[in-house]
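Asks: have a look at this fold, sequence not included:
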């Protein structure tokens, strides 16, 4: 679940026009919207959903591959990413992910990476998990956004035992709406 950049700008514009508090970034706004205790507040937010898997199905046949599953979900009317691709090898899959590193701004929403999954859902299920991470999928994170700031001052804290701990005071900067 996420908020597109266009919808986020419109939401903030509406909030500002009505004298409300605006939000800093779409990612945290979407996450906060899902945690609302009042479902009316969640329903009023411009949330968007992309579906990638079926967690539980009763009756009927669920496709056996990730690629067929995405196509099936789409025919059922669920929103599915238009950027999913099926590859027969790992190298072309990695190349596709890497091709998005410099193009992620074209997505229309914030993304910090992509996921490569095994197509065979039965095999992916048999491989299980390491902690909470599935062995049949690997996340590729895009490089973090970087900005430059200025060192304004170096201070020193004195601990209760007399240990001196230096700290830096930096000029505030914004990265993706976060200060």
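Replies: Arrived safely, thanks for sending. All of these numbers come straight from a predicted model, not from anything done at the bench.
Asks: C-alpha only now, for contacts and for neighbours.
Replies: Will do.
Asks: roughly how far does the nearest residue to residue 139 once chain neighbours are set aside sit from residue 27?
Replies: Leaving aside its sequence neighbours, residue 139 sits nearest to residue 115 (CA to CA, 6 or more residues apart in numbering; 4.3 Å). Applying CA to CA, to the nearest Å, the value for residue 115 to residue 27 is 18 Å.
Asks: measure residue 176 to residue 27 for me?
Replies: Distance, residue 176 to residue 27, by CA to CA: 9 Å.
Asks: any idea which helix is longest in the protein?
Replies: Looking across the chain with DSSP state H, the single longest helix is helix 5-17.
Asks: and that one, what does it pack onto?
Replies: On a contact count with 3 or more CA pairs under 8 Å, 6 or more residues apart in numbering; DSSP states H and E, helix 5-17 meets no helix or strand.
Asks: not counting its neighbours along the chain, what's nearest residue 136?
Replies: In space, and not counting its chain neighbours, residue 136 is closest to residue 124: 4.4 Å by CA to CA, 6+ apart.
Asks: where does that neighbour fall, phi/psi-wise?
Replies: With angles defined as degrees, to the nearest 10, residue 124 sits at phi -60, psi -40.
Asks: what's the answer for the one 5 residues further on, then?
Replies: The phi and psi values for residue 129, taken as degrees, to the nearest 10, are phi -130, psi 160.
Asks: residues in contact with it?
Replies: Neighbouring residues of residue 129 by CA atoms under 8 Å, 6 or more residues apart in numbering: residue 135.
Asks: against residue 84, how distant is it?
Replies: Remark: distance between residue 129 and residue 84 (CA to CA) = 23 Å.
Asks: what's the answer for residue 2, then?
Replies: Distance from residue 2 to residue 84, counting by CA to CA: 17 Å.
Asks: neighbour-wise, which of the two wins?
Replies: Comparing residue 2 with residue 84 by other CA atoms under 10 Å, the one with more neighbours is residue 2, at 21 against 14.
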